[in-house]
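In: Got a sequence here, can you build the structure:
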Amino acid sequence: MDPKELIAPASPLGLPAPLWFIELFKVLGFTLHMVPMNLWYAGLLLAMLLRRRGGEHARRLSARLMKPMPIVVALGINFGIVPLLFVQVAYHQVFYPATILMAWPWLSIIGLLVVAYYGVYLYVSGLRDNGAMPRYKQMAGWASAVLFIAIGFIFANGFSLMTNLSAWPALWKDTSVAGAPLGIGLNTGADSLWPRWLMMLGLAFTTVGAYVAVDAALFARKESADYHRWARSFALRVYTLGMVWFAATGSWYAFGTWSDGVRDTMFQGPAIVLTAVTAVAPGLPWLLLAASRVRSSQAMALAAGGAQAAVLALNAVSRQIVQNVELNEFLDISARSVNAQWSPMAVFLVMFVVGAAVIAWMVGKAAAAHARPAER
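Out: Numbering: from 1, shown residues only. Alright, predicted model coming up:
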């Protein structure tokens, strides 16, 4: 069977916005989503390990990572709506068939997310209990850490299957009855799935490392000088782990699984500059974190945080280009007609700017509150 026969028909209404607009906010939204998402993706597991195996400072950092986690999860979920919305707008012809083939795992994300979210709340409530945390609240924290990683694996399956059209006919045949898909397929047979998923996990550890440095500089004013020294050192160690992990799995992904078309695009012409910068970009936050161990300052920590945001943005841009190249063999998104809906676009832009401004104001207020001297 020709995989093109399984692609959904294009909407007769055309795209409601220019493709550049859709891809811009898809990439921007995904970048904003990755910041809090990385903190629960890798940070939650790290916090649980620090509490169980770490010393005094490690347990303190574990609590500092976990206490804002309910808000972090909420921010990540809401920011995640933006890229998911634009995926469905421009890429619905491949997004919906892919998620139909793996319908039950895809739909399970909702249930897993609800359980994981409540598990985080339950664990954080245990941090406020006097005395030892009840065992069931500890188990809730571990369960949430595992569930968020599982959710990431399902998302990696969905978005890798979206561009792996050559696997659709066999997957549909193997997981259907009388031509009706059972919705139990996964993209585990794809060479790119495992390095892609692991690469994102390594990238998440780098974000956690940068966050620890920013938290120590901006929000941990009331902690001891010993804790600050330990936190700066620990931030560098976590970032180093994530950077090495990212480099290893990213090399596996690029050199071991990219098709000839993707390799020709990303390793030639102007795109090779983007590929190279994306690969070496984590080195800048690492250098800033290393320098902060010698001479710490708020400016140094903020520079490391900003550089890490740029690392995430570069990865989002590169992933978008790779996605388009992978789809070009079967579907030319750019050939779609555009029937611009200016009123909804204007409303979206206004709400997006207002929402981002409110979140920035909330973070600023939180930083100011933590900066006040402790009451005696």
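In: Excluding chain neighbours, what is closest to L198?
Out: Closest residue in space to L198, ignoring its immediate chain neighbours: T249 at 4.3 Å, by Cβ to Cβ, 6 or more residues apart in numbering. Yep, even glycine has a C-beta here, placed from its N, CA and C like the rest.
In: And the pLDDT at that neighbour?
Out: pLDDT recorded at T249 is 97.
In: burial count for it?
Out: Burial of T249 is recorded as 21 neighbouring residues (other Cβ atoms under 10 Å).
In: helices or strands up against the helix or strand it falls within?
Out: Counting by DSSP states H and E, the element that carries T249 is helix 225-257. Helices and strands touching helix 225-257, as assessed by 3 or more Cβ pairs under 8 Å, 6 or more residues apart in numbering; DSSP states H and E, comprise helix 56-66, helix 193-214, helix 271-280, helix 283-294.
In: Which strands or helices does the lowest-mean-pLDDT helix or strand in the chain pack on?
Out: Lowest by mean pLDDT, DSSP states H and E among the helices and strands of the chain is helix 342-371, with a mean of 82. Using 3+ Cβ pairs under 8 Å, 6+ apart as the contact criterion, the secondary-structure elements in contact with helix 342-371 are helix 19-41.
In: any idea how the chain splits into domains?
Out: Under the assignment automatic domain parsing, the domains of the chain span 1-188, 191-330+363-368.
In: chain center to the shortest one, what's the gap?
Out: In this case it means domain 191-330+363-368. When C-alpha coordinates are averaged (Cα atoms, centre = their mean, to the nearest Å), domain 191-330+363-368 and its chain have centres 11 Å apart.
In: Could you tell me the end-to-end distance of that domain?
Out: Between the opening and closing residues of domain 191-330+363-368 there is a gap of 48 Å (Cα to Cα, to the nearest Å).
In: Repeat that for the first one.
Out: Domain 1-188 has an end-to-end distance of 21 Å (criterion: Cα to Cα).
In: so how far is L241 from the nearest residue to V244 once chain neighbours are set aside?
Out: Taking Cβ to Cβ, 6+ apart, and ignoring the residues beside it in sequence, V244 has G202 as its nearest neighbour in space, at 7.8 Å. Distance check for G202 against L241: by Cβ to Cβ, to the nearest Å, it reads 8 Å.
In: what do you get for L65?
Out: From L65 over to L241 the distance is 16 Å, taken as Cβ to Cβ.
In: who's more crowded, those two?
Out: Here L65 and L241 are compared on neighbour count by other Cβ under 10 Å; more neighbours surround L65, at 23 against 17.
In: Need the nearest residue in space to the more buried one, chain neighbours excluded.
Out: Of all residues not flanking L65 in the chain, A47 sits nearest, at 4.1 Å (Cβ to Cβ, 6+ apart).
In: residues contacting that neighbour?
Out: Counting by Cβ atoms under 8 Å, 6 or more residues apart in numbering, A47 touches L61, S62, L65, M66, M69, G141, A145.
In: and if you look at I149?
Out: Listed by Cβ under 8 Å, 6+ apart, the contact set of I149 reads Y41, L45, L201.
In: and the last one, what is it in contact with?
Out: Taking Cβ under 8 Å, 6+ apart as the criterion, L201 is in contact with Y41, A42, I149, G152, W245.
In: By neighbour count, which of the residues you listed wins?
Out: Using other Cβ under 10 Å as the neighbour criterion, A42 leads the contacts of L201 with 28 neighbours.
In: Now for the residue nearest to that residue when sequence neighbours are not counted: which residues touch it?
Out: Distance criterion Cβ to Cβ, 6+ apart; nearest residue to A42, sequence neighbours excluded, is A204 at 3.7 Å. Applying Cβ under 8 Å, 6+ apart, one finds that A204 lies in contact with M37, N38, L39, Y41, A42, G43, G242.
In: so where's the stretch 151-300 of the chain shaky on pLDDT?
Out: In the prediction, the stretch 151-300 of the chain carries no residues with pLDDT under 70.
In: quick one: buried residues of the helix holding T249?
Out: By neighbour count, and taking 16 or more other Cβ atoms under 10 Å as the criterion, the buried residues in helix 225-257 are 227-228, 230-232, 234-236, 238-243, 245-247, 249-250, 252-254, 257.
In: what's the angle between that helix and helix 193-214?
Out: Inter-element angle recorded for helix 225-257 and helix 193-214: 160 degrees (by axes from the mean of the first three to the mean of the last three Cα atoms, to 10 degrees).
In: ok, back up a step: among the contacts of A204, list the two that are farthest apart in space.
Out: Across those, no pair lies farther apart than M37 and G242, at 14.2 Å, counting by Cβ to Cβ.
In: Pretty sure S296 sits against R232.
Out: Yes. Taking contacts as Cβ atoms under 8 Å, S296 lies within contact range of R232: 5.9 Å.
In: Which residue ranges of the stretch 51-200 of the chain form strands?
Out: Using DSSP state E, counting those that start in this stretch, the strands found in the stretch 51-200 of the chain span residues 176-177, 180-181.
In: Those: which one's closest to T163?
Out: Of all these, strand 180-181 sits nearest to T163, with 18.5 Å by Cβ to Cβ.
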